[in-house]
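Peer 1: how would this look folded up:
(2 chains)
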Amino acid sequence: MSPPTAAETPLQRQRAQTIFQKGARGRRAFVCPPHEVPDVDPQQLLPTRFRRSEPPRLPEVSEPEIVRHYVGISKRNFDLDSGFYPLGSCTMKHNPRLHERVAGLAGHARLHPLQDTERSQGALELMWNLQGALAEISGLPHVSLQPSAGSHGELAGVLLTRAYHEARGETRHKVLTPDTAHGTNPATVTMAGLEVVKVATNADGGVDVDDLRAKADGDVACLMLTNPNTLGLFDPNIAEIAEIVHGVGATLYYDGANLNAVMGLSRPGDMGFDIVHFNRHKSFTQPHGGGGPGSGPIAVSDRVAPFLPVPVVSRDEHGGFELDYGEHLAGTKTIGRLRGFHGNYGCFVRSYAYICSLGGDGLKDASETAVLNANYLLALLKRKGLAEYLPLAYGELCLHEFVLSGGPMKRALQIKTLDLAKRLLDFGFHPPTVYFPLLVEEALMVEPTETETKETLDAFADAIAEILSEAAADPEIAQNAPYSTPVRRLDEAAAAKRPVIRQAL
Amino acid sequence: MLDAIGVGSLQEIFERQIPEGVRLGRELDLPAGLPEQDVYEHLKALADRNTSSEEELSFLGAGMYDHYVPAIVDMLMERSEFLTPYTPYQPEISQGGLQVMFEYQTAICELTGLDVSNASVYEGPSAVAAAGYLAKLHNGGSRFVVSAGMHPHTIETLRTLAHGYGMDVVEVPLRDGVTDPEAWAQAIDEHTSAAIFAQPNFYGAVEDAVALSAAAKAGAETDGAAPAKTPVVVAQVDPIALGVLAPPGECGVDVAVGEGQSLGNRLDFGGPSFGFFAAREEYLRRMPGRIAGETLDVDGRRGFVLTLQTREQHIRREKATSNICTAQALNALAGVVYLTWLGRAGIVELGELLLARTHYAREKLAALDGVEKLHDQPVIREFAVRLDVDVAAVKRRCAARGVNPGVDVQALSGRPEDEGVLLVAITERRTRAHIDRLVSAVGAAIVAERAKAVAEQAVPA
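Peer 2: The predicted structure follows:
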């Protein structure tokens, strides 16, 4: 990497202008079809008191301007197709383009959600097959595809836990979450009307079983756990944890964010979990889209199955498929619906195509390779002597991701984890997740995924080594990075202090 | 790679970390993997067993609509730079996505006439529930008053989620096709956290949003004393109607939410699409979801960042304003590109086209023997009629002629009063000739159903 220079890059010279600042009065792309029907008094169609007095000030631009504008700003994005994206806990694996092709077939993409059952059998069969595959992968037999994202699946899980206890005549108030948990866990608990109680982490990075035992009582509704957890570690005490939780009559909730480590190797249902949500945009390759759409189906055990959100797909006596709102679900006491229609079907098509492509052994292979890649990258950083500056926070090996602490680096080289992350941008890499989990000082969470080659991992380790050796000579290089990106470090404090969240018109 | 790690085999990595008792120890019971072309054929075969809106003349609506999606939307959504990045946590290399969010927020504020918008939420009905949560955080009330003119899925979703955060839901009935103003005013009291209606409502009728909003604010006032907190007025709005319809911000609405599918998103059997969420300035710090804001970089260049993140789950954890962490960024991109394509004049022209064709279709259908309008209120691109024969039977007969005449409302809502109600949606893709075909198919189906009933009566017992 050549040292930073003061010259602006072409992208930097191109100052951001929104589409609202382009074009001219009267320019347009849309051509309105003729009405074709007899003219009627506008007052009769819609009286003035209901009408808009001024048109909304939308942009006035031609089609070529629209294309050039959005293609232009797209180039100000880094993306998974352009380079390595080891963003811990986010599972940035390759998005096969076959999935876009099949999801775009008219029979899927142009299918109305209220199409008659007999004329949407292909879609319902796909959902049925997917429900079955997710049940097998999770070891939990009952599946609802409805939730729109992982966080939505979590909400479904906590709501159905609450309903389960209420149906037994119990009101329980507390949900236990480890201090390593994703922020969505505690936020979800509050939205479901329950209260969060934190469980400590032990010296090995797992749940502190003594603390759990002390806090597990008859007022606990649920323990929410990620396993492997956000440190990339599989909790060796999982059986004992399940026993403690079930012993007080609570449910065990599996945050599926890290499922990519264990597909075909270990199943939440077999570990004793009652509820799992899947992040389809992580393990099952739904493209992240710059922040959505996602999809967060849940799978559950027999005892909480009656509370599943509806609809789910059932099979009728003639082998046909139908949307089931509880009619055929044994003893249903459903919590109800979580959104409109049946869930993010477009995401179902993509993840189903993925499961069809890989099959059972392929999914296992994916997890094994993800774990191999993570351990290789971890070992490589150690071999380069970087562990002195970036030690592994817990354990020796890891599963699909690992968490380093940038504390020693900060003290020895005067650069923080944030500086390392920003300097990586100049090397063409997306940085790992930074400052999470919260209990690790200057955390750096690295998840390479199974779709990266050894060559990429080598190049990434080389870049880290170069940045650290550069910092040893001159820490200011990293402290002021990045230099080559379309914009450089941005003043986030100013943005929050006086929010400007729309273009002034 | 194993040598570098210092293990003898891949298995060793797992054996040293996953206790034997919870290792699967067998292959997953799933079909074997397939080559790309076989997966394509399988997914194509499933698609072929569905009847899409390309293969029949469809008048289905009720929340999702078969509007034309311009080609540039597909082209831009397929670009790697928009399709494959994560949430923009590193703003220096995410300016494209962040700027799209900023432009999207601007467009939604313009459409709704409100001050602030987030970068989108999951979809329509859950957006209403999210607005309810905002209202609860804002005023601590205990009850939502909702118009029965909301989409049944919206009311069901609100009930599920409101139960979670401890709120009651009270429904106000319709009169003459719109929310009964007296019952509405009566239902709202000092415990009302939010007053929620749909514009236009589920049955297609344009509501008097100004009157409903004013009544909601007035209803909370108790004798003489100023109320401590007034209800938050929430409207679920059809965004494509806002080219002609008064924006909610000018009607006294505090929070406008809705389903964004109409704006450049495909049907996808119900999702993914996006929900929009706009509000008056005072609610900004209680908004759920991502928000993009403008700032400067160290050299003074204009740039965009995710802002006001202290509302959000990854910072605030159990005190967050929502647990949501994704927007529907890619779907919202389709939305803002679509609105840009329509443009300032186009969204009004499209609204006028929908008004004219919908009116034509409604009058033509209502002129048939056995069909009557459900109400006389103005409609924009959807209306309800009542048939005097079985709706499912009419739908079957129309299907045989390649026409899907609309949604059987009772099958969706389960309400006894919806018997015989057919909800018909008209998009710009439905021409006059298409509408004439619809009218003739429905007319023929009614005649045939009546004839069948007569024939059955004539058969001796």
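
Peer 1: Can you list the buried residues in stretch B:318-329?
Peer 2: By 16 or more other Cβ atoms under 10 Å in any protein chain shown, the buried positions in stretch B:318-329 come out as B:318, B:320-329. Bear in mind the C-beta positions are built from the backbone N, C-alpha and C, glycine included.

Peer 1: ah, wrong one, I meant stretch A:290-301
Peer 2: Going by 16+ other Cβ under 10 Å, stretch A:290-301 has these buried residues: A:290-301.

Peer 1: Can the lengthiest helix in chain B be said to contact chain A?
Peer 2: Among the segments of chain B that qualify as a helix by DSSP state H, the longest is helix B:329-366. Yes - when contact is scored as Cβ under 8 Å from any Cβ of the partner chain, part of helix B:329-366 falls within range of chain A: B:329-333, B:336-337, B:339-350, B:352-353, B:355-357, B:359-360.

Peer 1: Now a PyMOL select for only the buried ones of those residues.
Peer 2: This is the PyMOL syntax for the buried subset of the residues of helix B:329-366 next to chain A, where burial follows 16+ other Cβ under 10 Å:
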select buried, chain B and resi 329+330+331+332+333+336+337+339+340+341+342+343+344+345+346+347+348+349+350+352+353+355+356+357+359+360
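
Peer 1: what's the average pLDDT for the longest helix of chain B?
Peer 2: Helix B:329-366 carries an average pLDDT of 98.

Peer 1: Pretty sure B:P173 sits against B:P181.
Peer 2: No - look at B:P173 against B:P181 with Cβ atoms under 8 Å: they stay out of range, at 11.3 Å.

Peer 1: Quick check: residues of the stretch 351-461 of chain B near chain A?
Peer 2: The interface of the stretch 351-461 of chain B toward chain A, taken as Cβ under 8 Å from any Cβ, is made up of B:352-353, B:355-357, B:359-360, B:378, B:380, B:395, B:399, B:404, B:407, B:412, B:428, B:431-432, B:435.

Peer 1: Surely A:V248 and A:A216 touch.
Peer 2: Yes - taking contacts as Cβ under 8 Å, A:V248 lies within contact range of A:A216: 4.8 Å.

Peer 1: out of these two, which sits in the busier spot?
Peer 2: The neighbour comparison of A:V248 against A:A216 (other Cβ atoms under 10 Å in any protein chain shown) goes to A:A216, with 22 against 16.

Peer 1: Check what contacts the lowest-mean-pLDDT helix or strand in chain A and list those residues.
Peer 2: When each helix and strand of chain A is scored by mean pLDDT, DSSP states H and E, helix A:184-191 comes last, with a mean of 90. Under the criterion Cβ atoms under 8 Å, 6 or more residues apart in numbering or on different chains, residues A:150-151, A:154-155, A:158, A:175, A:177, A:195-196, A:224, A:255, B:133, B:161, B:164-165, B:313-314, B:316-320, B:322-323, B:325 lie in contact with helix A:184-191.

Peer 1: In contact with the residue of the stretch 301-450 of chain B found nearest chain A, which residues are there?
Peer 2: Chain A sits closest to B:L330 of the stretch 301-450 of chain B, with a gap of 3.1 Å, by Cβ to the nearest Cβ. Under the criterion of Cβ under 8 Å, 6+ apart, the contact partners of B:L330 comprise A:287, A:289-290, A:292-293, B:77, B:82-83.

Peer 1: how does it look with 6 Å?
Peer 2: For B:L330, the residues meeting the contact criterion (Cβ atoms under 6 Å, 6 or more residues apart in numbering or on different chains) are A:G289.

Peer 1: what about A:L418, distance to chain B?
Peer 2: For A:L418, the distance to chain B under the criterion Cβ to the nearest Cβ, to the nearest Å works out to 10 Å.

Peer 1: Mind checking what secondary structure that residue has?
Peer 2: At A:L418, secondary structure determined by DSSP: H, G, I helix; E, B strand; the rest coil is helix.

Peer 1: Now it. Nearest residue, chain neighbours left out?
Peer 2: A:V434 (6.2 Å; Cβ to Cβ, 6 or more residues apart in numbering or on different chains).

Peer 1: before we move on, what about B:T179?
Peer 2: The shortest distance from B:T179 to any residue other than its chain neighbours is 4.1 Å, reached at B:S147 (Cβ to Cβ, 6+ apart).

Peer 1: next one: B:D369
Peer 2: Of all residues apart from its sequence neighbours, B:I446 sits closest to B:D369 (Cβ to Cβ, 6+ apart), at 7.1 Å.

Peer 1: So what's the residue count around that neighbour?
Peer 2: Counted by other Cβ under 10 Å, the residues lying close to B:I446 total 20.

Peer 1: again with A:A6
Peer 2: Look at A:A6: counted by other Cβ under 10 Å, it has 6 neighbours.

Peer 1: what do you get for the one 5 residues further on?
Peer 2: Applying other Cβ under 10 Å, we find 14 residues neighbouring A:L11.

Peer 1: That one falls within a helix, correct?
Peer 2: Yes - under three-state DSSP, A:L11 falls within a helix.

Peer 1: quick one: it from A:V440, how far?
Peer 2: Applying Cβ to Cβ, to the nearest Å, one obtains 34 Å for the distance of A:L11 from A:V440.

Peer 1: Need the worst-confidence member of the buried residues of stretch B:318-329.
Peer 2: Ranked by pLDDT, the buried residues of stretch B:318-329 bottom out at B:T326, which has 77.

Peer 1: how about it, secondary structure?
Peer 2: In three-state terms, and counting by three-state DSSP, B:T326 is coil.

Peer 1: and if you look at A:C222?
Peer 2: When the structure is reduced to helix, strand and coil (three-state DSSP), A:C222 reads as strand.

Peer 1: Contacts only, for it.
Peer 2: By Cβ under 6 Å, 6+ apart, the contact set of A:C222 is A:161, A:175, A:250-251, A:253.

Peer 1: Identify the bridge partners of it.
Peer 2: A:C222 has the following beta-bridge partners by DSSP bridges: A:V175, A:T251.

Peer 1: For it, give me the pLDDT.
Peer 2: In this model, A:C222 is scored at 96, pLDDT.

Peer 1: Look up how far A:S144 lies from it.
Peer 2: Note on A:C222: its distance to A:S144, by Cβ to Cβ, is 17 Å.

Peer 1: where exactly do the helices run in the stretch 251-400 of chain A?
Peer 2: Counting by DSSP state H, counting those that start in this stretch, residue ranges of the helices within the stretch 251-400 of chain A are A:268-271, A:345-383.

Peer 1: which stretch among those helices comes nearest chain B?
Peer 2: Going by Cβ to the nearest Cβ, the one of those nearest chain B is helix A:345-383, 3.1 Å.

Peer 1: and the angle for the closest one with helix B:329-366?
Peer 2: Orientation check (axes from the mean of the first three to the mean of the last three Cα atoms, to 10 degrees): helix A:345-383 against helix B:329-366 gives 180 degrees.

Peer 1: helices or strands next to helix A:345-383 in the packing?
Peer 2: Contacts of helix A:345-383 with other secondary structure elements, assessed using 3 or more Cβ pairs under 6 Å, 6 or more residues apart in numbering or on different chains; DSSP states H and E, are made with helix A:97-103, helix A:121-138, helix A:454-473, helix B:2-5, helix B:10-15, helix B:36-48.

Peer 1: looking at those, which is buried most?
Peer 2: Comparing the helices and strands packed on helix A:345-383 on average neighbours per residue, with mean count of other Cβ atoms under 10 Å in any protein chain shown, the densest one is helix A:121-138 at a mean of 23.

Peer 1: mind showing which ranges of the chain have poor pLDDT?
Peer 2: Picking chain A for this. Counting by pLDDT under 70, chain A has low-confidence residues at A:1-5, A:327-331.

Peer 1: oops, I was thinking of chain B
Peer 2: Judged by pLDDT under 70, chain B has its weakly predicted residues at B:219-228, B:460-461.
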